[in-house]
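> Test case, fold it:
(one chain, ligands or ions: 2)
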Amino acid sequence: MALLEIRNLTIYYRLSEGWVHAIENVNMDMENGERLGLVGESGCGKTTLAYSITFLLPNNAYLKKGSIKFLGRDLTTLAVRKDGRINMFSEGLRGIRWKDISIIFQSAMNSFNPVITIGDQIAEAILTHENIGKEEVRKRIEALFEIVGIPKDRIDSYPHEYSGGMKQRAMIAMSIALNPKLIIADEPTTALDVITQDKILAELVKLQKEFNSSMIIISHDISIVAQLSTRIAIMYAGQIVELALTREIFKGPRHPYTMALLKAFPSIKGEKKRLATIQGSPPDLINPPKGCRFSPRCQFAKERCLIEEPLLREISPGHTVACHFAEEVSGGR
Ligand SMILES: Nc1ncnc2c1ncn2[C@@H]1O[C@H](COP(=O)(O)OP(=O)(O)O)[C@@H](O)[C@H]1O
Ligand SMILES: [Mg+2]
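Numbering: from 1, shown residues only. Ligands and ions are numbered 1, 2, ... in the order given. Okay, here's the model as predicted:
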């Protein structure tokens, strides 16, 4: 059975100006032990898509359609009201968060409660799911701190007494505390310096392998995701536009947006290359462009692209792309 099966997922945010089309018709599968990278420019819906898996969304988020099956069970039945509004506090989700699915937040810097010690916050997550004594919880946290490289004598410190890197490590400790099946890491190291970033990411993957968890790694930087993921999903304006094995994405990108992203980042092999920027900016998601959402920025766009929305289709085994002209465009690296 697939670990995760997302079908036609469509999530909008309600604003007084209209509906923000944050996620539209997303289809995505994940298997056990897999590391899937989610890449795209800021605002393309990465966080909304990833957090929707445990419905950790603000209260103006609505499920317009679609399903999210986790080990065969449709999670939308747990957290969605009749009118589509998402209830992130729904009781049914508490049993899943941290235990089955954990999230390393984009803003780990301020996602701990400032008036509770880090140790107590991790203990609370553990005790929500397991009926064990104080001593045992303490031992578990000590072991976790050892794994992520925080000295044991810092368990009773408050978040403000931690450095940024340490807070991130504490967040990782919390994310693996209950040995979840899926870990979602949302830009887990963006706020850290490059050396700490590399170290923490390498450790994270080591832990994921050791615990045999699956992982979704989100970044706006395709070169970071490339080092960590087995497959990559490229997102643009609320949709997945290309999905394939990491090496396929690099060797033979088929979507013009993927090609542009690859040109906009330095090569992972470290060869010197001029960084190109992608012309224009992502569209307004209240009124997304008709046809292909990337067409206003696409150098290959033809009339058909302005009228007809391209659907995600398989162009070779395991490689899907949403572009009418995927077989014809070229310009990868
Ligand atoms: N609470 C909200 N209300 C309205 N719009 C939102 C809200 N949260 C995010 N958005 C919008 O939804 C879109 C997707 O955002 P997000 O998922 O955070 O993208 P990413 O993680 O790729 O930067 C963006 O256009 C963003 O401005
Ligand atoms: Mg985000």
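> contacts, neighbours, all on C-alpha from now
Noted.
> Close to ligand 1: what parts of the stretch 201-333 of the chain are there?
By the rule CA under 6 Å from any ligand atom, the part of the stretch 201-333 of the chain lying against ligand 1 is L285.
> List the contacts of whichever residue of the stretch 201-333 of the chain sits closest to ligand 1.
Per CA to the nearest ligand atom, the residue of the stretch 201-333 of the chain with the smallest distance to ligand 1 is L285, at 5.6 Å. If you count contacts by CA atoms under 8 Å, 6 or more residues apart in numbering, L285 has them with V20, H21, A22, A237, G238.
> swap in K209?
By CA under 8 Å, 6+ apart, the contact set of K209 is G33.
> so how far is P114 from it?
Distance, K209 to P114, using CA to CA, to the nearest Å: 32 Å.
> May I ask which helix or strand of this protein has the lowest mean pLDDT?
For the chain, using mean pLDDT, DSSP states H and E, the weakest element among its helices and strands is helix 194-211, scoring a mean of 84.
> Quick check: buried residues in that one?
Within helix 194-211, the residues scored as buried using 16 or more other CA atoms under 10 Å are Q197, I200, L201, E203, L204, V205, L207, Q208.
> And stretch 51-70, by the same measure?
Per 16+ other CA under 10 Å, stretch 51-70 contains these buried residues: 51-57, 61-64, 66-70.
> pLDDT weak spots in this structure?
Along the chain, the parts satisfying pLDDT under 70 run over 108-110, 265-276, 331-333.
> In it, what residue spans correspond to helices?
Secondary structure of the chain (DSSP state H): helices at 46-52, 76-79, 91-94, 118-129, 134-148, 164-176, 194-211, 222-228, 246-251, 256-264, 303-307.
> relative orientation of the fourth one and helix 134-148 in degrees?
Angle, helix 118-129 to helix 134-148, by axes from the mean of the first three to the mean of the last three CA atoms, to 10 degrees: 120 degrees.
> partner residues bridging S67?
R7 (DSSP bridges).
> thought it was touching A79?
No: counting by CA atoms under 8 Å, S67 stays clear of A79, with 11.5 Å between them.
> and the closest residue in space to L312 that isn't next to it in sequence, how many neighbours?
Residue nearest to L312 in three dimensions, not counting chain neighbours: A322, with 4.1 Å by CA to CA, 6 or more residues apart in numbering. Neighbours of A322 under the rule other CA atoms under 10 Å: 22.
> Also I278?
15.
> Report the spatially nearest residue to it, omitting neighbours in sequence.
Closest residue to I278 apart from its sequence neighbours, by CA to CA, 6+ apart: A260 at 6.1 Å.
> what about the one you found, how many neighbours?
Number of residues near A260 (other CA under 10 Å) recorded here: 20.
> what separates it from S16, distance-wise?
From A260 across to S16, the span is 34 Å (CA to CA).
> rewinding a little: columns distance to I11 on top of the helices of the chain, output as CSV?
As requested, the helices of the chain are arranged in CSV below (distance: least, CA to CA, whole Å):
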stretch, distance to I11
helix 46-52, 8
helix 76-79, 12
helix 91-94, 18
helix 118-129, 28
helix 134-148, 35
helix 164-176, 25
helix 194-211, 29
helix 222-228, 24
helix 246-251, 26
helix 256-264, 22
helix 303-307, 23
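> For the residue of the chain positioned farthest from its centre, give me its contacts.
Distance from the centre of the chain peaks at E135, with 34.5 Å (CA atoms, centre = their mean). If you count contacts by CA under 8 Å, 6+ apart, E135 has none.
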